[in-house]
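In: from the sequence below, what's the structure:
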Amino acid sequence: MISYVYLPMLVLSAFLIISIRRFWICADSMGFMRELSRRAPMLLKRDIMAAVLALVPISMALIDWLGITLPRQSVPMPPLLGVILAAGSLGASVAVLHNTLDRLAGSWAGTRESVLRTIAALQIIESTELGYRAHAHTKPIHAERTLNVIQSKDEK
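Out: Numbering: from 1, shown residues only. Here you go, the predicted structure:
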């Protein structure tokens, strides 16, 4: 009976793996792989880590359902332990993707839009950082005059 607990975990694992794969296929087909790897190098690494963690429930279910005995064990793994390990790894997979779950879409069209939103967000962040660096090194011209105007209004 406890073996059926794997089914919702397998559905979520399959969705995560398929969505991650689809995102990177779309990014590659649209020609944004280099730009994504340059601007967000941890994005691919996190996705790979999340996909590997999402594969653990599949392996735990197979080990439990087929009664496979692991090396250096005399009996098969207890089903409750398998469920706990599968749920923990699935939770870790979702935790790795905690800020990026919005870019995982359920369709190809949504995934293409997600790739474009990701690229646009990275470009906005880069241009904002560039603008901040440019303004941080220059002294505002009218800062003293503005301060005098504010003080004179407060004095009245």
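
In: and G88, what element?
Out: Using DSSP states H and E, G88 sits within helix 79-96.

In: C-terminal to that helix, what's the next element?
Out: Assigned by DSSP H and E, the successor of helix 79-96 is helix 108-136.

In: now do that next one: which elements does it pack against?
Out: helix 6-29, helix 33-39 (3 or more Cβ pairs under 8 Å, 6 or more residues apart in numbering; DSSP states H and E). Glycine gets a C-beta too; all of them are placed from N, C-alpha and C.

In: and the shortest one, what does it pack against?
Out: Counting contacts by 3+ Cβ pairs under 8 Å, 6+ apart, helix 33-39 is packed against helix 6-29, helix 41-66, helix 108-136.

In: go through those helices and name the closest to V96.
Out: Closest approach to V96 among the helices and strands packed on helix 33-39 is made by helix 41-66 (4.4 Å; Cβ to Cβ).

In: returning to that earlier point: pipe the helices and strands packed on helix 33-39 into JSON lines and attach distance to I84, mean pLDDT and mean neighbour count per row.
Out: Shown next, in JSON lines, are those (distance: least, Cβ to Cβ, whole Å; pLDDT from 0 to 100; neighbours: other Cβ atoms under 10 Å):
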{"stretch": "helix 6-29", "distance to I84": "11", "mean pLDDT": "93", "mean neighbour count": "17"}
{"stretch": "helix 41-66", "distance to I84": "9", "mean pLDDT": "93", "mean neighbour count": "17"}
{"stretch": "helix 108-136", "distance to I84": "32", "mean pLDDT": "85", "mean neighbour count": "13"}
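
In: sounds good, over and out.
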